Structures are given as C-alpha cells and as structure tokens.
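Q: any chance you can model this:
(2 chains)
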Amino acid sequence: DAKTTQPPSMDCAEGRAANLPCNHSTISGNEYVYWYRQIHSQGPQYIIHGLKNNETNEMASLIITEDRKSSTLILPHATLRDTAVYYCIVRFPSGNTPLVFGKGTRLSVIA
Amino acid sequence: EAGVAQSPRYKIIEKRQSVAFWCNPISGHATLYWYQQILGQGPKLLIQFQNNGVVDDSQLPKDRFSAERLKGVDSTLKIQPAKLEDSAVYLCASSPGIILVEQFFGPGTRLTVL
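A: The predicted structure follows:
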C-alpha cells in the first residue's frame, strides 16, 4: 500500500503557483520523497525527489518539513500543460526499488 | 536518447482470448518493470526484471499472466486467457539500476477486454 496521503483533486489558475501537498507521517529515516506526474494517455514522468533539504530543478521545487512528515510540490508558474495526476511516493533510494503509487492528486490548470 | 517503446498502443479482445504486449527499454537499462494501471488508480507493479532474471513477481497473477525478458533486453507480457477485469493500461518502465536514478516509463498499452 502507498505510504502517502494526497488530496484527490486541485485547481490552479494558469500562471499562478500550484502547491500540491503530501502527507507521509510514517516515513523512515532513509526513505526519500519522490514526485511523478502522469499526463493523460502518457506514462508517469519523474519530476523531483528529496531527502530532507528543499530541492529545486527546472520543473519544480520540493519543500519537505523539518520533521519530514509532509512535503509540498510547487510548480511556480503553472501552465495548461501541467494538467496531470501528480503522485507523491516514499521509497528507499535503491536503483532497483519499484514505485508504489497511490491515487495521486489530479491537478487542473484553468485558463 | 530514445525512450521506452511499447506496442501495441491499443488492443481490444474478447474475454478468454490471449494477448501479448512488447516493451523495448532504454538501451543499457538493466532493470525493467511492468505495471498495471486500472482506470482511476495509480500503477501497480506486476513484475520486475534485473537483466533477464525475475526480481519480484509476487503480484503477478501467474495462472493467467506470464512475462519474459530474453537476453536481458526486450520483454513481453502475456495474458492467457483474458478476463474482463484485465482491462487496464499496461506500462513498461526501465531504469539503469543506479541509486537515486529515476525510472523511465513508456506510453503504455491500453487493453480493453469485452
């Protein structure tokens, strides 16, 4: 079973920041937080991951609380192409560990 | 670099028929995964290969599903006989097996069982 809890859906106005929350209260010390997204009719796509420090890449920023029990994925300027299902996944960083997906958050970016 | 390739993209069959899906992972990726995604749910792992050996097939319904990865490259997933509840998207993913390196997914095969 997935070890994360996410809201089922969210809306965001185009050009505004989208903040997607995730609760992972049972995360262990060596587990990372990963975010993937799945655009309609495509396979999931990696976005970002982190352990305890905030992370930023060209796609998004990841903010992890100090106690590591929750995190927020931030899309700074959402576009219509960011409409997708976003999955928050907790896992060990082994290169061979499969992903355990929950139901994710369906983000709708509205013009 | 080329991504994960899957075929066919769509397949419609009658229940009790057989079907096979094909996956070509990214070149050099040692680890290959098959996931099943039922409508409205997240993907669920069916089987994981490391080169041509099975690492985890605990969630594969072995009475009807089979998978192989010949020569540690391409892989096929077969369903025989298909049931209505097998209607889903079947996703193939690969990774180089290196720590902290993500998985890359193919576009998936959408199977409809009538």
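Q: the lowest-mean-pLDDT helix or strand in chain B pairs with which strands?
A: Scoring the helices and strands of chain B by mean pLDDT, DSSP states H and E places strand B:53-56 at the bottom, with a mean of 92. Applying DSSP bridges, strand B:53-56 is found paired with strand B:44-50 (antiparallel).
Q: could the C-alpha coordinates of the partner strand be exported in CSV?
A: These are the backbone C-alpha positions of strand B:44-50, laid out as CSV (Å, rounded to 0.1, in the frame of the first residue of the first chain):
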residue,chain,number,x,y,z
LYS,B,44,0.6,-1.3,-9.7
LEU,B,45,3.7,-3.4,-10.1
LEU,B,46,3.2,-6.7,-11.8
ILE,B,47,6.8,-7.9,-12.3
GLN,B,48,10.4,-6.6,-12.1
PHE,B,49,13.4,-8.0,-14.0
GLN,B,50,17.0,-7.4,-13.3
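Q: what about residue 26, which SS state?
A: Chain wasn't specified; assuming chain A. Assigned with DSSP: H, G, I helix; E, B strand; the rest coil, A:Thr26 falls in the coil class.
Q: that was the other one, I meant chain B.
A: Judged by three-state DSSP, the three-state class of B:Ile26 is coil.
Q: tell me the pLDDT of it.
A: B:Ile26 is assigned 95 on the pLDDT scale.
Q: I'd like to know how many residues surround it.
A: 17 (other CB atoms under 10 Å in any protein chain shown). (Each C-beta comes from the backbone N, C-alpha and C, glycine too.)
Q: now A:Met59, nearest residue through space, not along the chain?
A: Nearest in space to A:Met59, with sequence neighbours left out and distances taken as CB to CB, 6 or more residues apart in numbering or on different chains, is A:Ile47 at 5.3 Å.
Q: list the buried residues for the helix or strand hosting B:Ser66?
A: Secondary structure assignment for B:Ser66, by DSSP states H and E: strand B:65-68. Neighbour-count burial for strand B:65-68 flags B:Phe65, B:Ser66, B:Ala67 (criterion: 16 or more other CB atoms under 10 Å in any protein chain shown).
Q: and the strands in the chain, which stretches?
A: The chain I'm using is chain A. Secondary structure of chain A (DSSP state E): strands at A:9-13, A:18-23, A:32-38, A:45-50, A:55-56, A:61-64, A:70-75, A:84-91, A:105-110.
Q: if you could check chain B rather than the one you did, that'd help
A: In chain B, the segments counted as strands under DSSP E are B:5-7, B:10-13, B:19-24, B:31-37, B:44-50, B:53-56, B:65-68, B:75-79, B:88-95, B:104-105, B:109-113.
Q: same list (these) but as TSV, adding distance to A:Asn30.
A: Formatted as TSV, the strands of chain B follow (distance: least, CB to CB, whole Å):
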stretch	distance to A:Asn30
strand B:5-7	33
strand B:10-13	40
strand B:19-24	30
strand B:31-37	20
strand B:44-50	20
strand B:53-56	20
strand B:65-68	30
strand B:75-79	30
strand B:88-95	19
strand B:104-105	24
strand B:109-113	35
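Q: show me the one of the ones you listed that comes nearest A:Gly104.
A: Proximity to A:Gly104 (CB to CB) singles out strand B:31-37 among the strands of chain B, at 11.1 Å.
Q: for the least confident helix or strand of chain B, buried residues please.
A: Within strand B:53-56, judged by 16+ other CB under 10 Å, the buried ones are B:Asp56.
Q: nearest residue to the middle of chain B?
A: By CA atoms, centre = their mean, chain B has its centre lying nearest to B:Trp34, at 3.0 Å.
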